[in-house]
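Engineer: I'll drop the sequence and a predicted model, then ask my questions.
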Amino acid sequence: MNILVLGPGCPKCTEAEKIVKTALQEAGVEASVEKITDFQKIAQMGVFSTPAVVIDGEIKCVGKVPDKSEILGWING
Amino acid sequence: MELFKNINGVRESKTQVLKDTLGKSRPAKAKFIFAGLAGLVVWYIIYSQLLPFSNFFTFKLLGLAPGSHLGGAVQFFVYDTPKVLMLLTLVVFGVGIIRTFFTPERTRKILAGKRESAGNVLAAMLGIVTPFCSCSAVPLFLGFVTAGVPLGVTFSFLISAPMVNEIALVLLYGLLGWKVAALYLVTGLLVAIVAGWVIGRLGMEKHMEDWVLELRANGEAVIEEHLTWSDRIKQGGVAVKDIVGKVWIYVIAGIAVGAAIHGYVPENFMASIMGKDAWWSVPAAVLVGIPMYSNAAGIVPVIHALLGKGAALGTVLAFMMSVIALSLPEMVILRKVLKPQLIATFIGVVGTGILLVGYLFNIII
């Protein structure tokens, strides 16, 4: 599983990355988590509101920090 | 046989899903709405008792003399701290709910392809209710530009969003009355509309970074969310926890400083530095405000006290707008997408607008 957390480095995006990693640990799922801070790359992906979470190429969440329960749903479902 | 088993299986799982959603949402929904209404009643009862309580506390309980420095400062603090915090909580909650009806994506769709003038007005007004996190400024800007929103209209949004925010308005209302709050709202919108319009007229589209001009919108990622009323109330609560939780300490610090000024600084002391007659005070206020970045929460109580000591309203409003709207950190971030000339123009136009607002009020009031 490949997870991208998009955000320029403000507290909200850092929190999003932390919650994703916590969720992965809880679910016991292996995945690579990459933080993308470059605005150009983020815009080219069609994302115009940060923080955002992309799992295996699919955009799951845009513009807010996701709930842990939401993330668990995405990685388990 | 197999077929029937499968159909029954499907039917059973569907009922299960229905039961789960209905079973969870009905009592939960009622709980939130009831809690919300009860909260409002309790809030009102407490709020109406604040002034009498602060007087009782300062002059009867602590036995301080009315009119004394310490008495004045303590009464100010005891009255204003819970009053401001409660107003803040109420308004952040309300605005949090309003914001669940707006998303940057929806705003983007509304503004795309609107001409200038009408677009500027709409953008400035949407800036107030669209949820805006300052780190989202760049992605938002890119989104607007690629959707075909004119540059000037985008700027109107970017100016009004951080500046005309509910925290500033609540605090101004709570400490300075509804007239000042309304003034701030109207002039803030005017600065956003006019500055955005002027920047649009200057035709500086080519002053965006090259990679921005080459960006193609590959269709935007939109996640449609369907929120129920209990979801919205919950979001309101989350907003309160987030915002008030982050800001309360600045509010208390600001009120403490304000209380000290209120109690100890002699009347008209500020008139010499920030008064109407010091013509250089307005531009100085704007310049001092640029490198400063603060949230409204800490600044307003201080401004309130300064005003009470003779500072002119125009100077003080100009200072506050400059601190919030022209923030150095935001400029640094915007540098990633805007060429220096455009950033300089932005600061110049908005700064001039704020300057005019400052002078206007010093003359009128």
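Structural biologist: Done, it's in.

Engineer: and the residue of chain B that's closest to chain A?
Structural biologist: The minimum distance from chain B to chain A, using Cβ to the nearest Cβ, falls at residue B:143 (2.7 Å). All C-beta atoms are positioned from the backbone trio N, CA, C, and that covers glycine.

Engineer: so what's the residue count around the residue nearest to that residue when sequence neighbours are not counted?
Structural biologist: Leaving aside its sequence neighbours, residue B:143 sits nearest to residue A:48 (Cβ to Cβ, 6 or more residues apart in numbering or on different chains; 2.7 Å). Other residues lying near residue A:48 total 28 when counted by other Cβ atoms under 10 Å in any protein chain shown.

Engineer: so where does residue A:48 fall, helix or strand?
Structural biologist: Counting by DSSP states H and E, residue A:48 is held by no secondary-structure element, helix or strand.

Engineer: list the contacts for it?
Structural biologist: Neighbour list for residue A:48: A:62, B:104-105, B:108, B:139-140, B:142-144, B:146, B:220 [criterion: Cβ atoms under 8 Å, 6 or more residues apart in numbering or on different chains].

Engineer: for it, give me phi and psi.
Structural biologist: Residue A:48 adopts backbone torsions of phi -120, psi 30, taken as degrees, to the nearest 10.

Engineer: now swap in residue A:52 and tell me
Structural biologist: Torsion angles, degrees, to the nearest 10, at residue A:52: phi -140, psi 150.

Engineer: so what pLDDT did the nearest residue to residue A:31 once chain neighbours are set aside get?
Structural biologist: Excluding its sequence neighbours, the residue lying closest to residue A:31 (Cβ to Cβ, 6+ apart) is residue A:1, at 3.7 Å. pLDDT for residue A:1: 88.

Engineer: same question for residue B:13.
Structural biologist: Reported pLDDT for residue B:13: 40.

Engineer: kindly report the same for residue A:55.
Structural biologist: Taking residue A:55 on its own, its pLDDT is 90.

Engineer: next up, the contacts around the residue nearest to residue A:31.
Structural biologist: Contacts of residue A:1 by Cβ under 8 Å, 6+ apart are A:29-32, A:55-56, A:75.

Engineer: so which of those residues is the most crowded?
Structural biologist: Those, ranked by neighbours (other Cβ under 10 Å): first place residue A:75, 19 neighbours.

Engineer: that one: which element?
Structural biologist: Counting by DSSP H and E, residue A:75 is part of helix A:68-76.

Engineer: count of residues packed around the residue nearest to residue B:307 when sequence neighbours are not counted?
Structural biologist: Leaving aside its sequence neighbours, residue B:307 sits nearest to residue B:316 (Cβ to Cβ, 6+ apart; 5.9 Å). Neighbour count of residue B:316, defined by other Cβ under 10 Å: 27.

Engineer: before we move on, what about residue A:64?
Structural biologist: Neighbour number of residue A:64 under other Cβ under 10 Å is 21.

Engineer: and it, how far from residue B:158?
Structural biologist: Residue A:64 sits at a distance of 20 Å from residue B:158 (criterion: Cβ to Cβ, to the nearest Å).

Engineer: who's the residue nearest in space to the middle of chain A bridged to?
Structural biologist: Nearest to the mean C-alpha position of chain A, by Cα atoms, centre = their mean, lies residue A:53 at 2.8 Å. Under DSSP bridges, the beta-bridge partners of residue A:53 are residue A:5, residue A:61.

Engineer: nice, that's everything, thank you.
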